[in-house]
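K.L.:
Following is a predicted model, sequence given first.
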Amino acid sequence: MVRRADPQKIEAIITKLTEQNTRVPVELLFKDGRVKVGFVTYIKRTGWGRFINRMTEESGKFNVHELAAVHVDVELEEELRNTP
């Protein structure tokens, strides 16, 4: 079960997710302490989204209410980016 956060905070997270939808990598900070970096798709109607990090070949689903914050200006791992 996911604890609901302040509606204004959730709305700010939703705005960042919809603006950056597949454009640039984002950093997802989860309430349970996990941190995931990658590209996101998000469907506001359902509250669910997916992230994918092509460099580490990691992907997964998330609910907007699981997130503590979203950071937009992040870089993918440089050492993986420069490998042929």
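P.N.:
Yes, it's here.
K.L.:
any chance you could map the helices in the chain?
P.N.:
Taking DSSP state H, the helices of the chain run over residues 7-19, 78-81.
K.L.:
center of the protein - which residue?
P.N.:
The centre of the chain sits closest to residue 28, judged by CA atoms, centre = their mean, with a distance of 3.8 Å.
K.L.:
one step back: okay, the helices of the chain, which one's buried deepest?
P.N.:
helix 7-19 (a mean of 14; mean count of other CB atoms under 10 Å). C-beta: built from backbone N, CA, C; applies to glycine.
K.L.:
And it, what does it pack against?
P.N.:
strand 35-43, strand 67-71 (3 or more CB pairs under 8 Å, 6 or more residues apart in numbering; DSSP states H and E).
K.L.:
Direction included, what does the last one pair up with?
P.N.:
Note on strand 67-71: by DSSP bridges, its sheet partners are strand 26-30 (antiparallel).
K.L.:
Contacts for the partner strand next, please.
P.N.:
Under the criterion CB atoms under 8 Å, 6 or more residues apart in numbering, residues 16-17, 20, 34-40, 51, 62, 66-72, 74 lie in contact with strand 26-30.
K.L.:
Okay, buried residues for that strand please.
P.N.:
Across strand 26-30, burial judged by 16 or more other CB atoms under 10 Å covers 26-29.
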